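K.L.:
any chance you could fold what I've pasted below:
(chains A and B)
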Amino acid sequence: MTKNSNSLDKNLLSHLAFCAIAIFIYIISFNIAPASSMFPRLLSIIIFSLNAFLIGQYFYYFFTKKSKEITQNRKDYWKNIFTLKKYTVVPILIFIICYLFVFAYPRIGFELSGFLLVFSIMILINGKEAIKKFYIAILIPSFFLLIFKVGLKLAIPLTIEIFFK
Amino acid sequence: MDIIFSSILNMFQPIILIAMVCGVSWGIFVGALPGFGAAIGIALLIPFTYGIDPAIALPILAAVYTGAYYGGGITSIMIGVPGNSPAAATIMDGFPMTQKGKSQKALTTSLLASTFGGIFGGLSLLLLAPQLVQVTLLFGPAEYFVLAVFGLTIIASLSGASIIKGLISGIFGLLLSTIGIDVITGANRFTFGEIYLFDGIPTIPLILGIFAFPRCLLMIRDIFLKESLTLSLSDDKGSGESATLKEMFKMWKTLIRSSIIGTIIGIIPGAGANIACWVGYGEARRNSKHPEKFGTGIPEGVAAAEAANNSVAGGSMIPLLTLGIPGNAASAVMLGALMIHGLVPGLKLFTTYASITYTYMVAMVFSCFILLVVGWYASRFFAKLAMVNFIILAPTIIIVTLMGSFSNRQYVFDMWVTLLLGIFCYWLTLLKYPMPPILLGVILGPISEKGLRRALMISQGDWTIFFTRPICIILLVLSAISVYYGLKISKNNIGKGIQKKEKLKL
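P.N.:
Numbering: from 1, shown residues only, chains lettered A, B, ... in the order given. Next up is the predicted model:
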């Protein structure tokens, strides 16, 4: 039951998110011509129904006798979810770094943004080793610059061009 | 026949040979990396092959596909951790062989069996696909819609722990496919005025966002969960004997049996190599004169599992190329790659685009010979390469993912698509939502929507059209069966999960 209760708690948010997406699509599909909106509207109804079923299942577990046995586990789960653990925080920080990379890439060029991206990910994974192997943060973007710019001839914004021309 | 011969001759062009050696090497490497595999290997390579002539690009992708299935077995044998799930059964006898100091024999047995299985599967593809594609002549709009429903239910039922989550993933994929301009009415749907979305969500950023980016975040998460930056190889330096052809001939029954099993399971949409390796292994054990020796480290166990999982590669291409139904995550990504190169599964592949299609199918066979050469000399090197420090691997994959999504249309917008889809799919992966149905939903979306709308136009809005045509009925029954078995599997998975938890408590 422990596994069931915890996974149900974890999944509730995703079911609610999918329901919200389905409702949003259903509502804005009224602005589209009927022939074009029929398919997405049908899909939004199905996705809403499936998630509503799973939410119903969640509350069924919540209000049955079994819930008494699992209440403590659920409390522990919600307590733990707000305790920051490295393995949950680091992937989110890496996402933020990637977000900053995409934002900076056209503004400061690939060499600099690429170096910052690689180096900051290395630091997040293992700070000491990252400093020892900082040259890798220069080598990786340089290697890909060669492939993308010279090999595939992509229009990549270059730091040299942005700052020194 | 001429087209097959010209395709074979094409394979000897130096550029294609070099490209396939690179493809096989990349495939073995990603296959050997625990948690990666053919799907991510192909996804990461698509941006690099996009601009290349399909006659060269598709053999590279076929080579990656073949290489990855073998690569998974290397880490199973060397460290007892399967590179990917199709290599799980290889551990049973592969790792005990390494512990006995016979890793070289295990690796070469695995290689020879993989080559045999791969060639068997590839030849089955060449023989059966042109015959099966004739069935599509019987398909009208209603059949195409129901076929899409069947494809989605089958992949949803077999690709995750819960079929309902699989279906939600698939329908979410279908919803994503509706973004963009409606090709029938020209109406603008869910683009919010963003011109970059008028053509729909771009395929390469989508594939990278669904498969590569979440995988990378999961890899980083695992580093902190396991507190280990690298995996370590066993002490066996591999100075022992290699497997000989004579020894392999002695196992001919096992090799043929496993290859047939693998090919048939590959043809069944949704089943895939994860099942084939265990069925192949189980059958070899059942038919052996010494079943008690299985699991103690015998070459026959390695050969049975490897021949089965490699023959799936060819088998799974049969429903993919003819009906557009992928058997597993790797073939779903391959379907995306084919469509990026303008190849839409169905009869046209075997008529209008026959030369490219046959080149691809011949490449599936030819890449096995390349695998034999590359694997024979470099398996141990790839095993060492797979032990690469994650501090180098993680940022490399992230930069390839982000720049790869930029490479196709060269819009920064596409990088945002990868990033946003990536974080959403990472969250969904943590909650055990399967990813292949999302991709399949996006790919099958336009086909199913067109089929649905045209069928309703023909029947003047009468929905019974889907329940009165014979092929539709067959496909709907098959869909119902797959949902039923999916629910059964879901129940079993929950049961097993609870049992495991209780055992841990004890």
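K.L.:
hang on, isn't B:Gly31 packed against B:Ser76?
P.N.:
No. B:Gly31 is beyond contact range of B:Ser76, at 10.3 Å (criterion: CB atoms under 8 Å). Every residue, glycine included, has its C-beta placed from N, CA and C.
K.L.:
which residues touch stretch B:118-125?
P.N.:
B:66, B:69-70, B:256, B:259-260, B:262-263, B:266, B:307, B:310-315, B:317-318, B:321, B:361, B:364-365, B:367-369, B:371 (CB atoms under 8 Å, 6 or more residues apart in numbering or on different chains).
K.L.:
what's the neighbour count on the residue lying closest to A:Pro91 once chain neighbours are set aside?
P.N.:
Using CB to CB, 6 or more residues apart in numbering or on different chains and skipping the chain neighbours, the partner closest in space to A:Pro91 is B:Leu217 (4.2 Å). Using other CB atoms under 10 Å in any protein chain shown, B:Leu217 has 24 other residues around it.
K.L.:
and the strands in chain B?
P.N.:
Using DSSP state E, the strands of chain B run over B:180-181, B:188-189.
K.L.:
tell me which of those sits nearest to B:Val483.
P.N.:
Checking the strands of chain B against B:Val483 by CB to CB gives strand B:188-189 as the closest, at 28.5 Å.
K.L.:
any idea of the mean pLDDT in stretch B:241-252?
P.N.:
For stretch B:241-252, mean pLDDT is 81.
K.L.:
which of the residues in it are buried?
P.N.:
The neighbour-count check on stretch B:241-252 (16 or more other CB atoms under 10 Å in any protein chain shown) flags B:243, B:247-248, B:251 as buried.
K.L.:
next: stretch B:461-473.
P.N.:
For stretch B:461-473, a neighbour-count test (16+ other CB under 10 Å) marks B:465-466, B:469, B:472 as buried.
K.L.:
including distance to chain A, could these go into CSV?
P.N.:
Shown next, in CSV, are the buried residues of stretch B:461-473 (distance: CB to the nearest CB, whole Å):
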residue, distance to chain A
B:Ile465, 15
B:Phe466, 13
B:Arg469, 20
B:Cys472, 17
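K.L.:
tell me the contacts of the residue nearest to A:Pro91?
P.N.:
Counting by CB under 8 Å, 6+ apart, B:Leu217 has contacts A:91, A:94-95, B:422-423, B:426.
K.L.:
which ones are touching the residue of the stretch 1-150 of chain B found nearest chain A?
P.N.:
Using CB to the nearest CB, the closest approach of the stretch 1-150 of chain B to chain A is made by B:Gly51 at 6.2 Å. By CB under 8 Å, 6+ apart, the contact set of B:Gly51 is A:Leu152.
K.L.:
torsion angles phi and psi at it?
P.N.:
Per-residue torsions, B:Gly51: phi -80, psi 0 (degrees, to the nearest 10).
K.L.:
okay, it: pLDDT?
P.N.:
On the pLDDT scale, B:Gly51 gets 78.
K.L.:
and the gap between B:Thr357 and B:Asn309?
P.N.:
Distance of B:Thr357 to B:Asn309, given as CB to CB, to the nearest Å: 24 Å.
K.L.:
cool, and B:Pro437?
P.N.:
Using CB to CB, B:Pro437 is found at 22 Å from B:Asn309.
K.L.:
then B:Leu402?
P.N.:
Counting by CB to CB, the separation of B:Leu402 from B:Asn309 is 32 Å.
K.L.:
can you check B:Ala106 too?
P.N.:
Distance from B:Ala106 to B:Asn309, by CB to CB: 15 Å.
K.L.:
neighbour-wise, which of the two wins?
P.N.:
B:Asn309 (38 against 33).
K.L.:
model confidence for the more buried one, exactly?
P.N.:
Reading off the model, B:Asn309 has pLDDT 86.
K.L.:
tell me the contacts of it?
P.N.:
B:69, B:72-73, B:86-87, B:89-90, B:114, B:117, B:262, B:273, B:276-277, B:280.
K.L.:
TSV for those residues, including distance to B:Lys293?
P.N.:
Shown next, in TSV, are those (distance: CB to CB, whole Å):
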residue	distance to B:Lys293
B:Tyr69	25
B:Gly72	24
B:Gly73	20
B:Pro86	23
B:Ala87	21
B:Ala89	16
B:Thr90	16
B:Ser114	22
B:Gly117	22
B:Gly262	22
B:Ala273	24
B:Ala276	22
B:Cys277	19
B:Gly280	17
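K.L.:
keep only those residues that also lie close to chain A.
P.N.:
Among the contacts of B:Asn309, no residue lies close to chain A (CB under 8 Å from any CB of the partner chain).
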